[in-house]
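In: need a 3D model of the following:
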Amino acid sequence: MIYLLSYYLLLNIIGFVLMGVDKKRAIRREWRIKESSLWWIAISGGAIGGFVGMRIYRHKTKHTTFTILFPTFALFHIVLLIYLYNLIA
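Out: This is a model prediction of the structure:
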C-alpha cells in the first residue's frame with residue numbers, strides 16, 4: 001500500500017507543479033506544456049494535484065473540460081484509493 005500512496009503522492013505533486021509552470025509560461029507567452037500531458041498526469045492519478053493547482057494558480061479555469069473532468073478524475077481516484085485500501089486491509 002505504501003508504494004501505491006507514494007505513486008499517487010508523486011503524480012499529484014507533478015500535476016500541481018505542471019499547472020504552476022504552465023501558468024507562468026502562459027503569462028510570459030513562452031512554450032507551453034501540452035494539454036495532453038496534463039491530461040495523462042490527471043488520468044494516471046495526478047488529478048487531485050492538478051485540480052488544486054488549477055484553483056490556486058487560476059489556470060485552465062475557463063476550459064469546461066478541465067473544470068468538469070479534473071474534479072471527476074480526482075473523485076474517481078479518491079474512491080479507487082479507498083476501495084483498494086479496504087480490499088487490502
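
In: from here on, contacts and neighbour counts on C-alpha atoms
Out: Noted.

In: spit out the contact partners of I14.
Out: I41, G46, G49 (CA atoms under 8 Å, 6 or more residues apart in numbering).

In: any figure for the gap between it and G53?
Out: Distance, I14 to G53, by CA to CA, to the nearest Å: 10 Å.

In: just the closest of the contacts of I14 to L81, please.
Out: G46 (12.5 Å; CA to CA).

In: number of residues surrounding the closest one?
Out: G46 has 27 neighbours, counted by other CA atoms under 10 Å.

In: pLDDT score for it?
Out: We have a pLDDT of 95 for G46.

In: what about the helices in the chain?
Out: Taking DSSP state H as the criterion, the chain carries its helices at 2-28, 35-41, 47-57, 64-88.

In: in stretch 29-36, which residues are buried?
Out: Neighbour counts over stretch 29-36 (16 or more other CA atoms under 10 Å) mark no residue as buried.

In: run the chain-centre distance for stretch 16-30.
Out: Relative to its parent chain, stretch 16-30 has a centroid offset of 14 Å by CA atoms, centre = their mean, to the nearest Å.

In: er, stretch 19-36 I mean
Out: With CA atoms, centre = their mean, you get 15 Å for stretch 19-36.

In: what does it contact?
Out: Residues external to stretch 19-36 that are found in contact with it (CA under 8 Å, 6+ apart): L18, L38, G50, G53, M54, Y57, H59.

In: can you give me the distance of V52 to F76?
Out: 15 Å.

In: ugh, wrong one, W31
Out: 31 Å.

In: repeat for L9
Out: 15 Å.

In: again with L5
Out: Remark: distance between L5 and F76 (CA to CA) = 15 Å.

In: who's more crowded, those two?
Out: The neighbour count for L5 versus F76, taken as other CA under 10 Å, is higher for F76 (16 against 12).

In: what helices or strands is the helix-or-strand element of the chain with minimal mean pLDDT leaning on?
Out: When the helices and strands of the chain are compared on mean pLDDT, DSSP states H and E, helix 64-88 comes out lowest with a mean of 93. If you count contacts as 3 or more CA pairs under 8 Å, 6 or more residues apart in numbering; DSSP states H and E, helix 64-88 packs onto helix 47-57.
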